[in-house]
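J.: predicted model and sequence follow; I will ask about them next.
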Amino acid sequence: MSRMKRMITGLLVLLGMPALAQLNPMGGIYYQNQFLANPAMAGVEKGLNLNAALKTQWTGVDGGPRIQYLTGDYGLQNDKVGLGVLFYNEGAGAINRTRATVTYAYHLPLNGGTEFIDFGLSAGIMNEWVDFGKVKGDLDDDVLNSFNDRRLYLDGDFGVAYRNDKLTIQGALPNLKRFFKRDQIRNVVDRSVYFLAAGYKFTTDKLINSIEPKLVYRGVQNYDGIFDAGVHLQFLDQKLMLNGIYHSTNSFTGGFGANYKNQFSILFQYTTNTSKMQNYSNGEFEVGLKYSLKN
């Protein structure tokens, strides 16, 4: 097969998937499930937290990304150790990715346990493959077949944080294998390379129980860094929540949710398209569920 034909086939595969699938991440990372973005946040609350979410992106585009995840994190009674697990799957056009990790976090108490410095490390496996049923091109192409011949590989994440009852400052390095430049041939979609965030929670005894503004900066491979600015409100004795996040890609995420007895919560979010996609698709929808079992 000629080099030109292989290039055309590869282009057709890429056109079957959104090339910028990671510019707007799962909305739960900002407030509902911070462990998803930073392993240091595993077990910051005592007891068990289970989170699950589904996100459909670019619903007006054939083969638009779909993302599902399930996480569980557990904070031990000593407030010092957190454990976590994550199962994550995404599909975009013909490309599929599945990831499973386990997490250990250590929470170092300061000033009698009123402040903490958190460290977290996740390790697990990643699998990427092409769904030949969705390929638009030559199925005998050597590039396609060699892509699926690759084995599962090890990957991980590292995170740190500082927090007290109001302020949280955190940073994370996801996809460590790619960060250390050990994974050049797997760069099939823009991936997050670092995550920085700072949030401060104001509490009141009025109708609005808490207001939490947050600033986030995300490094994305093969793309400019992305700045996010958001605010999260809880009101009516924390039974209802409302949030909004502006992204420097000229998109906006809005969310509304409910909390039942501080144990079960549901959050619906909608993200407008980035400026480059606003004429082609009608945005991204996400629903997230959280169940907490306190000790």
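T.: Thanks, I have it.
J.: who does Ala198 bridge with?
T.: Assessed by DSSP bridges, Ala198 has beta-bridge partners Ile169, Leu215.
J.: close enough to count as contact, it and Leu215?
T.: Yes. Using CB atoms under 8 Å, Ala198 is in contact with Leu215, at 5.3 Å. Just so you know, the C-beta spots here come from the backbone N, C-alpha and C atoms, and that holds for glycine as well.
J.: where does pLDDT dip in the stretch 1-150 of the chain?
T.: 1-23, 58-63, 93, 131-150 (pLDDT under 70).
J.: can we see that at 90?
T.: Counting by pLDDT under 90, the ranges of the stretch 1-150 of the chain that qualify are 1-26, 46, 56-66, 77-79, 90-98, 112-113, 126-150.
J.: what about the strands in it?
T.: Listed in chain order, the strands of the stretch 1-150 of the chain (DSSP state E, counting those that start in this stretch) span 47-56, 66-75, 81-92, 95-110, 115-130.
J.: which strands and helices lie in contact with the last one?
T.: Right, strand 115-130. Counting contacts by 3 or more CB pairs under 8 Å, 6 or more residues apart in numbering; DSSP states H and E, strand 115-130 is packed against strand 81-92, strand 95-110, helix 142-149, strand 153-163.
J.: in the second one, what counts as buried?
T.: Within strand 95-110, the residues scored as buried using 16 or more other CB atoms under 10 Å are 95-101, 103-107.
J.: again, but for the last one
T.: Buried residues in strand 153-163, defined by neighbour count with 16+ other CB under 10 Å: 155-163.
J.: export those residues as CSV, with columns for pLDDT.
T.: Output for the buried residues of strand 153-163, formatted as CSV (pLDDT from 0 to 100):
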residue, pLDDT
Asp155, 86
Gly156, 91
Asp157, 94
Phe158, 97
Gly159, 97
Val160, 98
Ala161, 98
Tyr162, 98
Arg163, 97
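J.: and which of those is nearest Gly171?
T.: Val160 (5.7 Å; CB to CB).
J.: picking that back up, wait, which of the strands of the stretch 1-150 of the chain is closest to Gly254?
T.: strand 47-56 (14.3 Å).
J.: buried stuff in the closest one?
T.: Quick answer for strand 47-56 (16+ other CB under 10 Å): 48-53, 55.
J.: show me the contact partners of that strand.
T.: With CB atoms under 8 Å, 6 or more residues apart in numbering as the test, strand 47-56 has contacts from 26-28, 32-33, 35-36, 64-75, 284-295.
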